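>>> mind looking at a prediction? Sequence and model below.
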Amino acid sequence: MVDLRFVRENIERVKEAVKNKNENVDIDRLLSLDSKHRNLQKELDSLRHIRNKVSKEISLSKRNGENEPEKIEKMRKVSQDIKKLEREERKINGAIDELLIWIPNIPHSSVPIGKDSSSNTIVRETPEEKLSFIALSHWQLTETNKLLDYGRGAKVSGANFPCYTGIGARLERALINFMLDTHVSRGYKEVFTPFLVNRNAMFATGQLPKLEDDMYLVEKDDMFLNPTAEVPITNLHRDEIIKEEDLPLKYVGYTACFRREAGSYGRETKGLQRVHQFNKVELVKIVDPSTSYEELETLTKDAEIILSLLELPYRVTLLSTGDLSFASAKTYDLEVWAPGSEKFFEVSSASNFEDFQARRANIKMRKAGKLVYAHTLNASGIATPRTFIAIIENYQQEDGTIRIPSALIPYMGGLEKIEVNA
RNA sequence: GGAGAGAUGGCUGAGCGGGUGAAGGCACGCGACUCGAAAUCGCGCAUCCCGAGAAAUCGGGAUCGGGGGUUCGAAUCCCCCUCUCUCCGCCA
């Protein structure tokens, strides 16, 4: 959530941000409601001042054994007026909030302005490794090596709910453990959070209200299936004041992630590219505001480590305003190269939300005696399905077998190569 | 699912219609004592909004889990919701 005062004082900047992020919010209406509210507040404050003063007088008189029926009568009227204005205030406040929650975070000045991903810039990249033979796609490789069972997954749940089988399941589990261990060894605290999250949590990190239709909702309990561990992990500290010396907080957590992906059927859904349930290891940082952009750089590197250790070709891109998520001020994407699919897959977004989530989540820190909102960041570290794709496509051999990246061999019980997994 | 208890400042905890923005304690800050420290003593110490001011600060308002209500006046009474704890039931 952006600060209403910030909107008031930076009207053009906010309007521009809304436009550059391809959002649509009536800022002028918000401003007129805001000024209406401020006038109302003044009126209310002076009425309440009278009420407080006279009530005190009544109280003093009572103590002296006197009665002041005419004052009470007068205050009855004042009190009614206050109630009327309070009702009005509530209405206006509601309308203000309704607009305010739809204003996206303001992009950082270093973010390129652009309509969509075509304006993203490449920050750095590893050399692409060429295979000396014609690469097979992951959906072919998983088939021949029996790593996934799409049909049976669909039988149990539906389309795009693949079931990992045999060595495939083992590889998935190896990836998760490898990632967790790597991040923990580099200073992140491991958490294992609930997978069902409530509305407040989803609002706090900015998934709601905008993305409600993309989330699975358990209606009976009004709970959402976790769409990303960003939600439960960041919300661990909702409504808290964190001690300055405890920052930065660095968390790593594994969760299954659930997304309806409404409207994306038939588009890039082949194989593991886009599925309804997937596994992800997430990095979350809660930091001192003055350090958040340095923390974004190290966070991005912390996510990249996984790709380096797996020896996969990848690139880092800086998202333009049009491609930036609702809550983010600046985001780097990590994209891994998959030679069989012949494209880059996004496996991580490293974002600085500045105080956008902290304001919604009410996460503060005390700095030089003052309370200020902390800054929150997160990065996938990293999502498994596309990493799984990249591994098998990059490590495939001409004979159709698949080597195991050396970093994963210990996690595979010493297995070095997948040869038809029965 | 049933019954009960509770939610108060950074923490702990009193208050249960007016004197309470909230006792006491802890923590924290400043000062005294000390060569220094501990202990002790004194003082200070919630947040947000509006207005005035260059600023220190001053004036007003709001806030005792959240939301409504009763009352001249609500932390305190009533209603709804959320969460926590205890007991019973069910259950991996």
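Okay, I see it.

>>> and the helix ranked longest in chain A, which residues are buried?
The single longest helix within chain A, with elements called by DSSP state H, is helix A:27-63. For helix A:27-63, burial by neighbour count (16 or more other CB atoms under 10 Å) applies to A:27, A:30-31, A:33-34, A:37, A:40, A:44, A:47, A:54, A:58. Yep, even glycine has a C-beta here, placed from its N, CA and C like the rest.

>>> same question, stretch A:1-8
A:1-2, A:4, A:7.

>>> in helices, which of those fall?
A:4, A:7.

>>> may I ask which of the buried residues of stretch A:1-8 comes out lowest in pLDDT?
When those are compared by pLDDT, residue A:1 scores lowest at 88.

>>> if we can go back for a sec, and the next helix or strand past the longest helix of chain A?
Counting by DSSP states H and E, the element after helix A:27-63 in chain order, helix or strand, is helix A:69-100.

>>> other SSEs contacting that next one?
Identification of packing neighbours for helix A:69-100 by 3 or more CB pairs under 8 Å, 6 or more residues apart in numbering; DSSP states H and E yields helix A:4-9, helix A:27-63.

>>> is whatever residue of the stretch 301-422 of chain A ends up closest to RNA strand B in a helix, a strand, or coil?
At 4.6 Å from RNA strand B, residue A:371 is the closest residue in the stretch 301-422 of chain A, using CB to the nearest atom of the strand. Following DSSP: H, G, I helix; E, B strand; the rest coil, we place residue A:371 in the strand state.

>>> is it bridged to anything, and to what?
residue A:366 (DSSP bridges).

>>> for the helix or strand where residue A:392 lies, packing partners?
Assigned by DSSP H and E, residue A:392 belongs to helix A:384-394. Where contact means 3+ CB pairs under 8 Å, 6+ apart, helix A:384-394 is packed against helix A:138-144, helix A:167-185, strand A:277-287, strand A:330-338, strand A:343-352.

>>> any regions of the stretch 301-422 of chain A where pLDDT drops low?
A:421-422 (pLDDT under 70).

>>> up against RNA strand B, what does it have?
A:369-371 (CB under 7 Å from any atom of the strand).

>>> same question for chain A.
A:5, A:38, A:41-42, A:44-46, A:48-49, A:51-56, A:58-59, A:62-63, A:72, A:75-76, A:78-79, A:82-83, A:86-87, A:90, A:198, A:241, A:369-371.

>>> list the contacts for residue A:271?
Contact analysis of residue A:271 by CB atoms under 8 Å, 6 or more residues apart in numbering lists A:137-139, A:142, A:341, A:389.

>>> how does it look with 7 Å?
A:138-139, A:389 (CB atoms under 7 Å, 6 or more residues apart in numbering).

>>> mind putting those residues into a markdown table with neighbour count?
As requested, those are exported to a markdown table (neighbours: other CB atoms under 10 Å):
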| residue | neighbour count |
| --- | --- |
| A:138 | 27 |
| A:139 | 17 |
| A:389 | 24 |
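
>>> quick one: the nearest residue to residue A:193 once chain neighbours are set aside and RNA strand B, what's the gap?
Once flanking residues are discounted, residue A:193 sits nearest to residue A:232: 3.6 Å by CB to CB, 6 or more residues apart in numbering. Counting by CB to the nearest atom of the strand, to the nearest Å, the gap from residue A:232 to RNA strand B is 14 Å.
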